[in-house]
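In: Sequence plus the predicted model coming up.
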Amino acid sequence: MVYICARVDKEKYLKKMSFSYLNKSPFECIKHPDISFPLDSFETLLLDIGWDASDWINFWLTHNGKNLAASSLASGTKLDWIWGLALPLLSDVMRSALDKNKRTLFGISALPGCGKTSLGNWLEDAAKLFNLSVKVVSIDDFYLPAKELDIAMKGNPWCVPRGLPGSHSIELLEESVDNWFASGFLKAPKFDKALRNGLGDRYGCTECNPDVLILEGWFLGCEPIESSLNKDLISRKIKPKLTNEEKMYREKVQLLLLKYLSTWQKINRIWHIKSNNLTSSLEWKVQQEMHMMETRGASLTGDSLNSFLRMIQCAIPQQSLMEIKSDIVIEIDKSRKIINTYLSST
């Protein structure tokens, strides 16, 4: 069964399609050294989003999918991210846009520095080519205003200015999402992490009427776990070990996560870009901050950056970050290479 966006002419698609593709294994057409993830689970993923593998590959070959919105792709993006993540996610979004009687809220969960923002920018621009309006907002856009943010973050053992559960205006986030579900109109704040010499602050707001809304965040979908200090075996490998102060604040974070659950429950589809090694995010975050310094002239550096990296390791039990209740998992390694794609069983 083929799902094609309502704004895509199906007859033109069929006429343009090269039927030489149909005489091959569907994946022969996209065979490339960059694409080494298992294809059986990927084929199951495609079925879940409404596509037969042959039809899906033919559709995107016909529409030059690997070069779609190429100017919006992050520098160095490889074919595994295009064929294994970007195009499948866009296909899922396009399918949801067919249902004019129901609005679908997507979620993208991935550790800091993974590439969520770049992927979101590409999704918005690629969707425009099919006359679809897709808006990607980060939960970080809902950081509290500067003064409130500073108060909320005061006393955390890592002295980070933001990023932790509790640094967001959950009420405003829920209000924005609920209003979009009800009316199709989205109004959301914007947050610039480069302001206040890298401490960040709000600036202006986003107002639009997207067909599909996507929410992204580094702990999106995370839920508190019982006895987090005892059961999180992964965190026992953290060096140096958690201090007593860190342990106490981690328990506070577990309570703060409860406030996010009602937002997570509003999300219809979660795509989890899952690192097979949680320490990878530390390197990614450094790269992200270096890029922000080069492009914006301000970022977290030195001790401030080291403290932020420590917070990523310690604030949320790593078991929670690995076991997000998602619909689709895209597993990546330290180099961000896709090593597996599958439907989540959590």
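Out: Right, received. Where do you want to start? Residues are numbered from 1 along each chain as shown.
In: got the residue ranges for the strands in the stretch 101-250 of the chain?
Out: In the stretch 101-250 of the chain, the segments counted as strands under DSSP state E, counting those that start in this stretch are 105-110, 134-138, 186-192, 201-208, 212-217.
In: Ok, which of these comes nearest residue 318?
Out: Closest to residue 318 of the strands of the stretch 101-250 of the chain, according to C-beta to C-beta: strand 105-110, at 13.9 Å. Heads up, the C-betas are built off the backbone N, CA and C, glycines and all.
In: Partner strands of the closest one and their direction?
Out: For strand 105-110, the paired strands and their directions (DSSP bridges) are strand 212-217 (parallel), strand 269-275 (parallel).
In: How far does the first one sit from its chain's centre?
Out: Computed by C-alpha atoms, centre = their mean, to the nearest Å, the chain-centroid distance of strand 212-217 equals 8 Å.
In: So what touches that strand?
Out: 93, 96-97, 103-110, 116-117, 120, 123, 127, 132-140, 177, 180, 186, 263, 267 (C-beta atoms under 8 Å, 6 or more residues apart in numbering).
In: Going by neighbour count, which of those residues are buried?
Out: The neighbour count (16 or more other C-beta atoms under 10 Å) marks 93, 96-97, 103-110, 116-117, 120, 123, 127, 132, 134-140, 177, 180, 186, 263, 267 as buried among those.
In: Now stretch 45-61: average pLDDT?
Out: For stretch 45-61, mean pLDDT is 95.
In: start to end distance for it?
Out: 18 Å (C-alpha to C-alpha, to the nearest Å).
In: Check stretch 146-159 too.
Out: Start-to-end span of stretch 146-159 (C-alpha to C-alpha) is 15 Å.
In: Low-confidence ranges, this structure, go.
Out: Within the chain, the stretches with pLDDT under 70 are 1-24, 227-237, 292, 298-300, 345-346.
In: related to what we said a few turns ago, can you put the strands of the stretch 101-250 of the chain in a markdown table and add distance to residue 39?
Out: Supplementary listing: the strands of the stretch 101-250 of the chain in a markdown table, determined by distance: least, C-beta to C-beta, whole Å:
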| stretch | distance to residue 39 |
| --- | --- |
| strand 105-110 | 23 |
| strand 134-138 | 27 |
| strand 186-192 | 37 |
| strand 201-208 | 37 |
| strand 212-217 | 26 |
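In: Looking at these, spot the one closest to residue 330.
Out: Shortest distance between residue 330 and these, using C-beta to C-beta, is found for strand 105-110: 8.6 Å.
In: tilt between that closest one and strand 134-138?
Out: Between strand 105-110 and strand 134-138, the angle formed by their directions is 50 degrees, by axes from the mean of the first three to the mean of the last three C-alpha atoms, to 10 degrees.
In: next one: strand 105-110 to chain centre, how far?
Out: 5 Å.
In: circling back to that earlier point, can you say which of the strands of the stretch 101-250 of the chain is nearest to residue 276?
Out: Going by C-beta to C-beta, the one of those nearest residue 276 is strand 105-110, 12.7 Å.
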